[in-house]
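>>> need a structure here:
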Amino acid sequence: MKNVNDYLKMATDPASEAANSLINADLKEIGDATMKLANHVIQLGVVNGGFITTVLQCFACAAAIYLLILDKTNWRTKMLTSLLVPYVFLTFPNWLFGILRGDIGKWIALVGVVLRLFFPKYFEEELLLPGALLILIVVSPSFVAGYVRAGWIGVIICLGIGCYLLQEHIRACGGFKEAFTKSKGILNSIGIALLFVFPVWALIGIVF
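Below is the predicted model of the structure:
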């Protein structure tokens, strides 16, 4: 029968060391492949309007629109919620943004101007911010509609708007804990937190 020394000898023989080297090499290759896959996923998701970017962009835009609606109903804070208009402008889905930049958006903007002229009170109460957003989309120069929206400038602006609204909301609720625990403010907090999803992802894409 084999004693302990025999087993120790077998564990340290050249064949075992070669096998360990092969396993370590395979693990290293798996790690490198995983890193390459992660980089490719980030590149495909961020660059050239990838699927992940489009989905997160829609989430962020929907969250901003939700907060705008909330501000007109039961939120009603003293925060500068009109900053959500440029946020929606910067995160508006590209395909819909392109449609509104054309004749369709111009006709809708024309109707909005007519309503503003003949029904100013109704326009100011209900359609002021949507009208401002539409006019911003239609009349913004190509530099703003293209370079700023798609580049790092737009990402930084979105992050700045999100940070401002978050700290103002926390201050209005009386602290960080209250903002995320009170039933009245938790939905607002979730909506504001979603504002960071797209710009953070886009910033990762710019950095890497």
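
>>> so where is this structure shaky, pLDDT-wise?
1-20, 26, 36-50, 72-80, 122-126, 181-185, 208 (pLDDT under 70).

>>> mind listing the helices for it?
Using DSSP state H, the helices found in the chain span residues 4-11, 14-46, 51-72, 84-91, 94-100, 103-118, 120-122, 128-139, 142, 149-150, 152-173, 176-181, 183-194, 197-207.

>>> any idea which of those is most buried?
helix 84-91 (a mean of 23; mean count of other Cβ atoms under 10 Å). In this view, the C-beta of every residue, glycine as well, is placed from N, C-alpha and C.

>>> angle of that one against helix 128-139?
Using axes from the mean of the first three to the mean of the last three Cα atoms, to 10 degrees, the interaxial angle of helix 84-91 with respect to helix 128-139 works out to 40 degrees.

>>> Only alpha carbons, please: show helix 84-91 as CSV.
Below are the C-alpha coordinates for helix 84-91, written out as CSV (Å, rounded to 0.1, in the frame of the first residue of the first chain):
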residue,chain,number,x,y,z
LEU,A,84,-36.5,68.8,-16.6
VAL,A,85,-37.3,70.3,-20.0
PRO,A,86,-33.7,70.5,-21.2
TYR,A,87,-33.2,67.0,-19.6
VAL,A,88,-36.0,65.6,-21.7
PHE,A,89,-34.6,67.4,-24.7
LEU,A,90,-31.2,65.8,-24.2
THR,A,91,-32.5,62.3,-23.5
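
>>> Which residues are in contact with the most centrally placed residue in the chain?
What sits nearest the mean C-alpha location of the chain, by Cα atoms, centre = their mean, is residue 198, with 1.1 Å. If a contact means Cβ atoms under 8 Å, 6 or more residues apart in numbering, then residue 198 has 53, 56-57, 59-61, 91, 158 as its contacts.

>>> Turn these into JSON lines, including distance to residue 189.
Putting the contacts of residue 198 into JSON lines (distance: Cβ to Cβ, whole Å) gives the following:
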{"residue": "53", "distance to residue 189": "25"}
{"residue": "56", "distance to residue 189": "19"}
{"residue": "57", "distance to residue 189": "21"}
{"residue": "59", "distance to residue 189": "16"}
{"residue": "60", "distance to residue 189": "15"}
{"residue": "61", "distance to residue 189": "18"}
{"residue": "91", "distance to residue 189": "19"}
{"residue": "158", "distance to residue 189": "18"}
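
>>> And these, which is closest to residue 109?
Residue 109 lies nearest to residue 61 out of the contacts of residue 198, by Cβ to Cβ, at 19.2 Å.

>>> That closest one: what's its closest spatial neighbour, skipping adjacent residues?
Closest residue to residue 61 apart from its sequence neighbours, by Cβ to Cβ, 6 or more residues apart in numbering: residue 91 at 4.4 Å.

>>> And that neighbour, how close does it get to residue 59?
Relative to residue 59, residue 91 is positioned 9 Å away (Cβ to Cβ, to the nearest Å).

>>> what residues are up against the residue nearest to residue 61?
Per Cβ under 8 Å, 6+ apart, neighbours of residue 91: 57, 60-61, 64, 158, 198.

>>> Could you point out which of the residues you listed is nearest to residue 128?
For the contacts of residue 91, the nearest to residue 128 is residue 64 (15.9 Å; Cβ to Cβ).
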